[in-house]
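Enquirer: missing the sequence, but the structure's below:
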């Protein structure tokens, strides 16, 4: 089972300079969740994995209150940085789209390249397969898109997959 973290308690700016965008990304990574009104899941998973980001661990704590969870670096969000240095204020969507495009083509401007994210996704799957039991990954939207692609390539069947948008608390089941 793969779960995207709950909604983060932060309001993104609509327009920002490169410095504003980088600060907003850092603030997002430090921010906690909005209140989640959800019935905890009664998942009989052998292992629950979270990323090092607060929103992942706190989502696991809410969804699986009586379970132990383990932090693994492989399922962290793909870091995002401004695509250029400028004081000019641009719409948020431009920063997001062009930063992710740089990630895709392997630009040195981004902290991680697509090939590195693919490698992390494969390591996360290897970790789950080595468990010989059911695993839950509480992870992040952009990373999940890469993870889903790798799971499909490795022969997994997916249920609950929305290719266009992965919403907060969305659950995807993967089975081989």
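Expert: Yep, it's here. This one's a predicted model, so the numbers in the text were calculated from it and none came from an experiment. Numbers count the residues shown, from 1 in each chain.
Enquirer: For the longest helix along the chain, name the packing helices and strands.
Expert: Determined from DSSP state H, the single longest helix within the chain is helix 114-131. Helices and strands touching helix 114-131, by 3 or more C-beta pairs under 8 Å, 6 or more residues apart in numbering; DSSP states H and E, are strand 47-50, helix 92-105, strand 135-139, helix 141-153. In short, each C-beta sits where N, CA and C put it, glycine included.
Enquirer: Buried deepest among these, which one?
Expert: Most buried of the helices and strands packed on helix 114-131, by mean neighbour count (mean count of other C-beta atoms under 10 Å): strand 135-139, with a mean of 26.
Enquirer: Contacts for that strand next, please.
Expert: By C-beta atoms under 8 Å, 6 or more residues apart in numbering, the residues outside strand 135-139 that reach it are 1-5, 43, 45-51, 56-57, 59-60, 63-64, 69, 75-77, 124, 127-128, 147.
Enquirer: buried subset of those residues?
Expert: Among the contacts of strand 135-139, those scoring as buried are 1-5, 43, 45, 47-51, 56-57, 59-60, 63-64, 69, 75-77, 124, 127-128, 147 (criterion: 16 or more other C-beta atoms under 10 Å).
Enquirer: what's the angle between the helix or strand containing residue 56 and strand 135-139?
Expert: Assigned by DSSP states H and E, residue 56 belongs to helix 54-63. Angle, helix 54-63 to strand 135-139, by axes from the mean of the first three to the mean of the last three C-alpha atoms, to 10 degrees: 130 degrees.
Enquirer: Not counting its own residues, what contacts helix 54-63?
Expert: Helix 54-63 has contacts (C-beta under 8 Å, 6+ apart) with 3, 5-6, 8, 29-33, 36, 38, 40-41, 43, 48, 50-51, 67, 69, 71, 75-76, 136, 138-140, 169.
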